[in-house]
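A.B. asks: Turn this into a structure:
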Amino acid sequence: MDSPLFFAKILLFGEYGIIKNSKGISIPFDLFSGALKLGDLNNNKINQSNLEIKKFNHYLKQNFQENEINFDLMDKDLQNGLYFKSSIPTGYGVGSSGSLVAAIYEKYFINIIKNEININSNQIFNLKQIFSKMESFFHGTSSGFDPLNSYLSSPILINSKKDVKTTLTPNQNNNGKIGFFLIDSEESSDTSILVKQFQKNMEDSDFKNIFQNEFVSFTNSCVQDFLDSNFNSLSINFKKLSRFTFDNFKMMIPNKFDLIWKNGLKSNKYYLKLCGSGGGGYILGFSLNIDEVKEQLSAFNFQEILRY
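C.D. replies: The predicted structure is shown next:
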């Protein structure tokens with residue numbers, strides 16, 4: 001089967017906020033990728049993936065029209081061992097379901113919006129809407145952001161739910177000291193459970209008010225600082241975001257990170273935030289001196305992702 005690779009993603013800013021119309025920015029993460037393949041269903045791993053896609057196929061049949069998707073081809077491929085060969089860890093906040101959604105769209109949807117250099121904002125918004133509907137099978141409520149990033153394989157900027165576009169990010173400097181990094185909890189999480197908990201929290205008027213007035217504001221400021229390469233201001237706003245998350249999203253932070261999260265806030269050497277929905281997987285960090293932090297956090301499978 002001739003199927004392209006679809007990369008993982010990293011949501012630099014916007015976790016939970018984009019559900020409530022904050023800004024967000026996501027970048028491709030080419031360390032991990034996935035592609036549709038045909039394989040031997042006697043292989044347990046291939047069979048498990050095939051069964052998951054069959055469930056997804058059933059959902060698609062209930063939510064899309066026959067003139068939108070080539071279900072005959074998809075059914076045939078499923079019988080012949082269709083599976084998703086992926087190196088993307090599940091439950092890690094790097095878009096494992098998003099890359100599968102993008103691959104299914106590219107292979108089986110009819111009259112797809114092609115990923116071309118002249119793609120416009122209306123087409124990108126329409127893609128996001130389609131992907132949101134598709135990925136909701138996995139998450140219960142999906143913004144569509146992850147599969148959009150995987151499909152376009154380009155940094156994506158969300159200014160609002162209806163204003164989505166590709167964007168340029170600051171040029172990296174391999175000799176710079178400023179950087180973003182990931183640390184590994186070595187445990188996965190269930191995005192749908194965490195999103196449901198967040199929606200429940202939003203029913204509390206006090207939480208809703210501080211989330212909209214503080215968290216969304218901090219997120220928007222971080223997005224703008226990053227795009228402007230204003231890293232000193234970004235450090236200040238990243239700390240605010242980190243503090244808010246530590247104080248108000250406790251169940252989304254793996255226990256093993258409590259101490260180093262607080263140490264970052266106290267020392268001002270680095271700051272941590274959720275990478276996706278949290279609960280496990282990766283945690284995203286930022287530092288004005290990434291080399292120093294790399295030594296401090298080496299026990300957590302430190303992974304540098306951007307340097308300026």
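A.B. asks: all strands for this structure, in order.
C.D. replies: 6-13, 24-38, 82-86, 156-160, 163-166, 179-184, 271-274, 282-287, 303-307 (DSSP state E).
A.B. asks: Quick check: neighbours of the third one in the sheet, parallel or antiparallel?
C.D. replies: Translated: strand 82-86. Applying DSSP bridges, strand 82-86 is found paired with strand 24-38 (antiparallel).
A.B. asks: Show me which residues of the partner strand are buried.
C.D. replies: With burial defined by 16 or more other Cβ atoms under 10 Å, the residues of strand 24-38 counted as buried are 24-29, 32-38. Backbone N, C-alpha and C define where each C-beta goes, glycine included.
A.B. asks: give the contact list for the residue nearest to Gly278 when sequence neighbours are not counted.
C.D. replies: Excluding the flanking residues, the one nearest Gly278 by Cβ to Cβ, 6 or more residues apart in numbering is Met252, at 3.2 Å. By Cβ atoms under 8 Å, 6 or more residues apart in numbering, the contact set of Met252 is Leu194, Thr245, Leu274, Ser277, Gly278, Gly279.
A.B. asks: likewise Ser99?
C.D. replies: Phe6, Phe7, Ala8, Lys9, Ser33, Gly34, Ser86, Ile88, Asp146, Pro147, Ser150.
A.B. asks: any idea which of these is closest to Leu100?
C.D. replies: Sorting the contacts of Ser99 by how near they are to Leu100, with Cβ to Cβ, puts Gly34 at the top with 6.5 Å.
A.B. asks: in the sheet, who's paired with the closest one?
C.D. replies: Phe6, Ser86.
A.B. asks: try the one 4 residues further on
C.D. replies: Listed beta-bridge partners, Leu38: Leu82 (assigned using DSSP bridges).
A.B. asks: Who are the packing partners of the helix or strand bottoming out on mean pLDDT in the chain?
C.D. replies: Using mean pLDDT, DSSP states H and E, the weakest-scoring helix or strand in the chain turns out to be helix 191-201, at a mean of 88. Helix 191-201 is packed against helix 121-139, with contacts defined by 3 or more Cβ pairs under 8 Å, 6 or more residues apart in numbering; DSSP states H and E.
A.B. asks: Run the chain-centre distance for the helix it packs on.
C.D. replies: Distance of helix 121-139 from its chain centroid, counting by Cα atoms, centre = their mean, to the nearest Å, is 14 Å.
A.B. asks: Go ahead and name everything in contact with that helix.
C.D. replies: Residues contacting helix 121-139 (Cβ under 8 Å, 6+ apart): 55-56, 59-60, 63-64, 97-98, 101-102, 104-105, 109, 113, 142-148, 151-152, 162-166, 191-192, 195.
A.B. asks: try stretch 300-308
C.D. replies: Taking Cβ under 8 Å, 6+ apart as the rule, stretch 300-308 contacts 10, 27, 29, 31, 170, 172-174, 176, 178-184, 186, 229, 231, 260, 282, 290, 293-294.
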